[in-house]
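Student: Test case, fold it:
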Amino acid sequence: MDPSSFLRHQNTKLSAQLEEKRREHKVLQEKLASFEGKEQEYAQTLLCVNRLWGELSHDLQHLCTSAALPPFADANGGVED
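Tutor: Purely as a prediction, here's the structure:
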């Protein structure tokens, strides 16, 4: 095999490998975009749950105060006033 045909053969193989890596890269980019979208959805859900949990905690505290019950412990083990 002469040097030029060897180089053409190597170039063809490397071109094929490069195309395969590009396809893999594109697939990984799409997966990353999907995961980032899900992460944003989860973050929004968590914010909503935290807000509602705070409201529930406040409402329960208000009910306890209105009913003259002793204060209840919060999720961190502290007593809410």
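Student: going forward, measure contacts between C-alpha atoms and count neighbours the same way
Tutor: Fine.
Student: From residue 52, how far out is the most centrally placed residue in the chain?
Tutor: Central residue of the chain (CA atoms, centre = their mean): residue 39, 2.6 Å from the mean position. Distance of residue 39 to residue 52, computed by CA to CA, to the nearest Å: 20 Å.
Student: for residue 6, same thing?
Tutor: Remark: distance between residue 6 and residue 52 (CA to CA) = 69 Å.
Student: what's the distance between residue 10 and residue 22?
Tutor: According to CA to CA, residue 10 stands 18 Å off from residue 22.
Student: do the same with residue 51
Tutor: Look at residue 51 and residue 22: by CA to CA, they are 43 Å apart.
Student: Torsion angles phi and psi at residue 67?
Tutor: Here is the backbone geometry of residue 67 (degrees, to the nearest 10): phi -90, psi 0.
Student: That one: neighbour count?
Tutor: If you count neighbours by other CA atoms under 10 Å, residue 67 ends up with 9.
Student: How far off centre is the helix or strand harbouring residue 27?
Tutor: If you go by DSSP states H and E, residue 27 is part of helix 3-66. Using CA atoms, centre = their mean, to the nearest Å, the mean C-alpha position of helix 3-66 is found 6 Å from that of the whole chain.
Student: Make 362 the starting number, not 1.
Tutor: Got it, the first residue is 362 from now on, which makes the last one we talked about helix 364-427.
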